[in-house]
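Chemist: sequence first, predicted model second:
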Amino acid sequence: MSENKILLNSVPVDEVKEAIEKIENAVTSRINATPDNADHGLAQLVLTLIELIRKLVEKQAIRRVEGGSLSEEEIERLGETLMKLENKMEELKKIFNLTDEDLNLNLGPLGDLM
Amino acid sequence: MEKIIYAIIANKGNPPQVNEIAQNIRGITGSNLYALNFENISVAVSDIPASKFIVSKELALDFARVIEELSQQSTLLPIRFGTVVKSDEIIIQLITDNYTPFLNNLAKVENKHEFGMKVIWDYDKCSEKIRAKVESEEYTISSFSSKSTIHTNYLLEKVKKHRLEDALLKHVEQLIEEITWHLTQINPEGKFKKMLSKSIILDGVFLIEKTKKDEFIRAIEALKLLHDDLNFLITGPWPPYSFVEIAIDKD
Amino acid sequence: MKENVIDQSKDITILELLDRVLNKGVVITGDIVISVADIDLVYLGLKLILTSVETMQQRRLTIIKPNQPKQ
């Protein structure tokens, strides 16, 4: 690229590093799919989807808790369910050796959903 | 021989001109581009043996290079990297079937560039006030339950977490309003993603008239002066990748 | 230290480019496209499931439109 594409950059050098890594994850996930790491890529994709749904469910549930329309028993059960879901997610992440970063994939044309 | 599609181009009733532009550009596999034409729209294409195509960083960057060269000489809509089809006929059919939407989208981006803006802050420092405010809100388990159990404690933490997220989001939305106000004279179309991460609080793209590039940079610099704690990364000019309004799913 | 900044500028530019070229632009999918990255097929499938989900996430995305010119 002959032209300089950076018009303004006031970000301190060390902070740029984190930003770069974050974007790099999202971008190169589409590049790295090979037959060898296809399993890993597929696990990553599936778990990202599950994590997205889990987060949305959590959000809706919390709104209801705050809203005051649930009985104490319902709240207790809700808390238990959410906790189990989150724990299960942590287990799966460990099994497939995936980090939180891995699960915030930029899902191609769907864009950043989380 | 398969075909890879680079861009949809406005030929303004002068296809030979686009033909010539295309033929002088080297494609990603070595053979030069050529143009397919249908009325006022041309498509930049090059031959590619399907076996040679892989999703690699090098090819993707080379693809971007082609788009850049094309966009310096024409109004275009970039095609996403990796769009390979069997024949020219399929491409012509795509244009015919989507002629008006393509034409409208081309009109929208004419004489404009895309600019990117990322706003980055030091989370620990800058969110302190917001975190303090959320913490100070009287919210305990008794706000929603009379029993303190593992589960209600868990919920309490989650409620607090979501309240913080909401507060941060609101803060970023206010920033967006401020940015929009600062850009009133330039009057761009813009899209923002909020809270990409703890530190990248805003990821925006703007479609701005080519002549207003310097004005845009100055507007952001002025904005930066008002926000000591925020850092801005402005990039561009780019071809209008983010302002394409067309997605085609064809069997 | 100066080299660092120049390298970073290059890195940033490359990432901005890759992000655009891989994730944006006109998207054409379907049988007519020879899929070389199988992961794209999975994206397509996800799209069907996630369309409604995306609506719930709408608050994550803000769009500003240019003002209409005054008459």
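Modeler: Noted; the coordinates are in hand.

Chemist: what about the helices in chain A?
Modeler: Listed in chain order, the helices found in chain A under DSSP state H are A:13-28, A:38-67, A:72-96.

Chemist: and if you look at the stretch 151-251 of chain B?
Modeler: B:213-226 (DSSP state H, counting those that start in this stretch).

Chemist: near chain A, which residues of it?
Modeler: B:151-152, B:154-155, B:158-159, B:162, B:193, B:196-197, B:199-200, B:213, B:217, B:220-221, B:224, B:231-238, B:247 (Cβ under 8 Å from any Cβ of the partner chain). No exception for glycine: its C-beta is placed from N, CA and C like everyone else's.

Chemist: are any of those residues buried, and if so which?
Modeler: In these, burial by neighbour count holds for B:151-152, B:154-155, B:158-159, B:162, B:193, B:196-197, B:199-200, B:213, B:220, B:224, B:231-238, counting by 16 or more other Cβ atoms under 10 Å in any protein chain shown.

Chemist: of these, which ones also sit close to chain C?
Modeler: Answer for these near chain C (Cβ under 8 Å from any Cβ): B:K193, B:L233, B:T235, B:W238.

Chemist: any chance of those in TSV, plus distance to C:N67 and pLDDT?
Modeler: Shown next, in TSV, are these (distance: Cβ to Cβ, whole Å; pLDDT from 0 to 100):
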residue	distance to C:N67	pLDDT
B:K193	22	88
B:L233	26	93
B:T235	25	94
B:W238	23	97
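
Chemist: identify the farthest-apart pair in those.
Modeler: Pairwise distances across these peak at 16.3 Å for B:K193 and B:W238 (criterion: Cβ to Cβ).

Chemist: the bottom helix or strand of chain A by mean pLDDT?
Modeler: Every helix and strand of chain A was ranked by mean pLDDT, DSSP states H and E. The lowest is helix A:13-28, at a mean of 68.

Chemist: with chain C as the reference, measure out to A:E74.
Modeler: 22 Å (Cβ to the nearest Cβ, to the nearest Å).

Chemist: B:T75 too?
Modeler: 14 Å.

Chemist: that residue contacts B:H113, correct?
Modeler: No: the pair B:T75 and B:H113 does not pass the contact test of Cβ atoms under 8 Å, sitting 11.0 Å apart.

Chemist: what bridges to the closest residue to B:E221 other than its chain neighbours?
Modeler: Of all residues not flanking B:E221 in the chain, A:L8 sits nearest, at 6.8 Å (Cβ to Cβ, 6 or more residues apart in numbering or on different chains). Counting by DSSP bridges, A:L8 forms beta bridges with B:I234.

Chemist: measure A:L8 to C:S9 for me?
Modeler: Here A:L8 is placed at a distance of 12 Å from C:S9 (Cβ to Cβ, to the nearest Å).

Chemist: got it, and A:G67?
Modeler: According to Cβ to Cβ, A:G67 stands 49 Å off from C:S9.

Chemist: quickly list what B:G190 is bridged to.
Modeler: Beta-bridge pairing for B:G190 (DSSP bridges): B:F206, C:I64.

Chemist: contacting residues for it?
Modeler: The contact partners of B:G190, taken as Cβ atoms under 8 Å, 6 or more residues apart in numbering or on different chains, are B:T180, B:L183, B:G204, B:V205, B:F206, B:L207, C:I63, C:I64.

Chemist: so how far is C:I64 from it?
Modeler: The value you get for B:G190 to C:I64, if Cβ to Cβ is used, is 5 Å.

Chemist: past the helix or strand B:L106 falls within, which element shows up next along the chain?
Modeler: Following DSSP states H and E, one finds B:L106 within helix B:99-109. Going down the chain from helix B:99-109, the next helix or strand is strand B:112-121, by DSSP H and E.

Chemist: can you list contacts of that next one?
Modeler: Under Cβ under 8 Å, 6+ apart, the answer for strand B:112-121 is A:7, A:11, A:15, A:19, B:127, B:175, B:179, B:199-210, B:213, B:216, B:220, B:229-243, C:16.

Chemist: helices or strands up against the helix or strand following that strand?
Modeler: Following strand B:112-121 in sequence order, the next helix or strand is helix B:123-126 (DSSP H and E). For helix B:123-126, there is no helix or strand it packs on, judged by 3 or more Cβ pairs under 8 Å, 6 or more residues apart in numbering or on different chains; DSSP states H and E.

Chemist: ok, and what's touching helix B:123-126?
Modeler: With contact meaning Cβ under 8 Å, 6+ apart, helix B:123-126 is reached by B:K198, B:S199, B:D229, B:L230.

Chemist: who wins on neighbours among those?
Modeler: Highest neighbour count within the contacts of helix B:123-126, by other Cβ atoms under 10 Å in any protein chain shown: B:S199, with 21 neighbours.

Chemist: what sits against that one?
Modeler: A:E15, A:E18, A:A19, B:I120, B:W121, B:D122, B:Y123.

Chemist: between those residues, which has the most around it?
Modeler: Tallying neighbours with other Cβ under 10 Å puts B:I120 at the head of those, with 24 neighbours.

Chemist: against B:Q93, how distant is that one?
Modeler: 45 Å.

Chemist: for residue 64, which residues are in contact?
Modeler: Picked chain A for this. Residues in contact with A:R64 (Cβ under 8 Å, 6+ apart) are A:L70, A:L78.

Chemist: chain C was what I was after
Modeler: B:I176, B:T180, B:P188, B:E189, B:G190, B:K191, B:F192.

Chemist: next, count neighbours for the third one.
Modeler: Going back to what we said before, that points to B:P188. For B:P188, the number of neighbouring residues by other Cβ under 10 Å comes to 21.

Chemist: hmm, C:I63 and it touching each other?
Modeler: No: using Cβ under 8 Å as the test, B:P188 is too far from C:I63 to be in contact (11.5 Å).

Chemist: now do the nearest residue to B:R163 once chain neighbours are set aside, the pLDDT please.
Modeler: Excluding the flanking residues, the one nearest B:R163 by Cβ to Cβ, 6+ apart is B:V134, at 5.2 Å. The model reports B:V134 with a pLDDT of 89.

Chemist: who in the stretch 101-250 of chain B is up against chain C?
Modeler: Counting by Cβ under 8 Å from any Cβ, the residues of the stretch 101-250 of chain B close to chain C are B:116, B:169, B:173, B:176, B:180, B:184, B:187-195, B:233, B:235, B:238, B:241-242, B:244, B:246-250.
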